[in-house]
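In: Based on what follows, work out the 3D shape:
(one chain, ligands or ions: 2)
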Amino acid sequence: MDKFYIEGRNKLKGEIQVSGAKNAALPIISAALLAESKSTLLDIPDLRDVRNLAAILEKMGAKVDFTDNKMEIDPSSVNNHATDPELARKLRASYYLLGVMLAKKGRARTSLPGGCNIGNRPIDLHLKGFKALGAEVNIEHGHVEVEAENLRGGQIYLDYPSVGATVNIMLAASMADGKTIIENAAREPEIIDLANYLTVMGANIKGAGTDIIKIEGVDKLKGQEHRIIPDRIEAGTFIIAGAMAGEDVYVKNVLVEHIKPLLAKLTEMGVELEEDISGVRISAADELKSVDIKTLPYPGFPTDLQAQMMVMLTQADEPGVVTETVWEDRFAHIDELARMGAKIKLDGHTALVHPSELQGAEVEATDLRAGAALIIAGLAAEGLTVVNEISHVERGYENIVDKLQGIGAVIQREPVSKVTTA
Ligand SMILES: CC(=O)N[C@H]1[C@@H](OP(=O)(O)OP(=O)(O)OC[C@H]2O[C@@H](n3ccc(=O)[nH]c3=O)[C@H](O)[C@@H]2O)O[C@H](CO)[C@@H](O)[C@@H]1O
Ligand SMILES: C=C(OP(=O)(O)O)C(=O)O
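Out: Ligands and ions are numbered 1, 2, ... in the order given. Next up is the predicted model:
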């Protein structure tokens, strides 16, 4: 089984580069199928999720070339409205091909998607959106089928500002007849990046980044070049690692306005940060003051940094409270961190994190960000940490071993190998 081996308590120092954002790249790669001609996407992170999505696109008939973080997608030969069921189950974002193929061919089919196991992950809001655009929806034997003879604009109020539902409705509405209004839309930076790409392709979208998005459907979209925004969650993960075990770490390729909630909390904890136009410089503080964290949709504190921040809180002077409001069951890392000596008491959606001495142990990455949290804990702990089930981590962190080794971390992947599909 593939594992990470981490020898803790080595000071991190130097520059670490953030890749393009997974959660922007996946909808944008899907959106490339909407066009009639080839798109060139830059700063695409080389991740398991990205490779699996590219393989799905190829099976649908698209030509995909992915080299050195540049992905060229020629959708002109797409002839299949259905995704490969095995591949589609390996990631969450495969369901974006529902919105895309509904707009492109009036028909789409996919298996219910995969992604991190962090609680119930319904897709009712996606389906509510498709129905409002005139589509019929069928779920049978674990597959979703959507069909519309005449996809037309509609008005949708999202009961929760779901990222995935906002993306899927934007994708479908971009080429529907007439005007769509999404109310209580998600405001995440990845939504704005998708809107920017669709707009250069010829779509008519206003309001991305606010809670009301208006889309006037167009007949055609043209392939374009687009550069993916930096990954704010990867940036946050490295910044937290630097704040725990760093001595002058520079995290490069960061849009600091995207990670203000994290930077504010770290400052409250007493960490010294220097922001500049392309990154954040950080060192570990001698003493950390405790804070409370509550995850919320953007611009609140991101749930995808909750696990990593919990590790940081184990090093604070007093207990801190972490409240998870986005996902109903995103605390699997607590039991794994307990193996490393972390004293964390869970009560419903709230975890009380006590100051704890971390020691190396054999642990399991139960999901993507849990895995990232265990790596950070391993870097700060005394002794050897072995992280199992690392395929979760490789869904969302590009070259994490090489990157961390570059700032002095003692971390190895066994066996040494490159990320592929599956
Ligand atoms: C590929 C991707 O971009 N993944 C991110 C995306 O996931 P994802 O897009 O799946 O997350 P959503 O914003 O949709 O989900 C947030 C909440 O809404 C609920 N919900 C969602 C859809 C729906 O139809 N019905 C419903 O009730 C979910 O159960 C959850 O409680 O945003 C999450 C919240 O920032 C992040 O943790 C994920 O990293
Ligand atoms: C939960 C995550 O991803 P996904 O939605 O792809 O499972 C994540 O990126 O932390």
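
In: Centre of the chain to stretch 45-54, how far?
Out: Chain-centre distance of stretch 45-54: 12 Å, with Cα atoms, centre = their mean, to the nearest Å.

In: If we ignore the residues flanking it in sequence, what's nearest the residue located most distally from the centre of the chain?
Out: Distance from the C-alpha centroid of the chain, by Cα atoms, centre = their mean, peaks at Glu149 (33.1 Å). With sequence-adjacent residues excluded and distances taken as Cβ to Cβ, 6 or more residues apart in numbering, Glu149 is closest to Gly106, at 6.5 Å. In short, each C-beta sits where N, CA and C put it, glycine included.

In: Surely that neighbour is in contact with Glu147?
Out: Yes - here Gly106 lies in contact with Glu147, judged by Cβ atoms under 8 Å, at a distance of 6.6 Å.

In: Have a look at the two and say which one is more surrounded.
Out: Taking other Cβ atoms under 10 Å, Gly106 and Glu147 do not tie; Glu147 has more neighbours (18 against 15).

In: ok, that one to Arg109 distance?
Out: According to Cβ to Cβ, to the nearest Å, Glu147 and Arg109 sit 9 Å apart.

In: ditto for Val322
Out: According to Cβ to Cβ, Val322 and Arg109 sit 39 Å apart.

In: Repeat that for Asp65.
Out: As judged by Cβ to Cβ, Asp65 and Arg109 stand 26 Å apart.

In: One more: Leu358?
Out: Note on Leu358: its distance to Arg109, by Cβ to Cβ, is 47 Å.

In: In terms of neighbours, single out the busier of the two.
Out: For Leu358 versus Arg109, neighbours defined as other Cβ under 10 Å are more numerous around Leu358 (24 against 19).

In: can I assume the more buried one is in contact with Ala381?
Out: Yes - Leu358 lies in contact with Ala381 (Cβ under 8 Å); the separation is 3.8 Å.

In: Tell me how many other residues surround the residue nearest to Asn117 when sequence neighbours are not counted.
Out: Once flanking residues are discounted, Asn117 sits nearest to Asp367: 5.8 Å by Cβ to Cβ, 6+ apart. Residues within reach of Asp367, counting by other Cβ under 10 Å, total 22.

In: you'd agree Ala108 is up against Glu145?
Out: Yes - using Cβ under 8 Å, Ala108 is in contact with Glu145, at 7.2 Å.

In: Just give the number of residues close to Ile53.
Out: Just to correct that, residue 53 is Leu rather than Ile. There are 28 residues near Leu53, going by other Cβ under 10 Å.

In: Next, the contact list for it, please.
Out: Leu26, Ile29, Ser30, Leu91, Ala93, Ser94 (Cβ atoms under 8 Å, 6 or more residues apart in numbering).

In: quick one: contacts for the nearest residue to Gly153 once chain neighbours are set aside?
Out: Of all residues not flanking Gly153 in the chain, Gly178 sits nearest, at 3.5 Å (Cβ to Cβ, 6+ apart). Counting by Cβ under 8 Å, 6+ apart, Gly178 touches Arg152, Gly153, Glu216, Gly217.

In: try Trp327
Out: Counting by Cβ under 8 Å, 6+ apart, Trp327 makes contact with Ile118, Gly119, Thr303.

In: from the residues you listed, which would you call buried?
Out: Among these, the ones that count as buried by 16 or more other Cβ atoms under 10 Å are Ile118, Thr303.

In: Alongside ligand 1, which residues does the stretch 101-250 of the chain contribute?
Out: 120-126, 160, 162-165, 186 (Cβ under 6 Å from any ligand atom).

In: Could you pick out which of those residues are located in helices?
Out: Judged by DSSP state H, the subset of those located in helices is Asp124, Leu125, His126, Val163, Gly164, Ala165.

In: Okay, and the residue in the stretch 1-150 of the chain positioned nearest to ligand 2 sits in which element?
Out: Residue nearest to ligand 2 within the stretch 1-150 of the chain: Gly115 (2.9 Å; Cβ to the nearest ligand atom). Using DSSP states H and E, Gly115 is not contained in any helix or strand.
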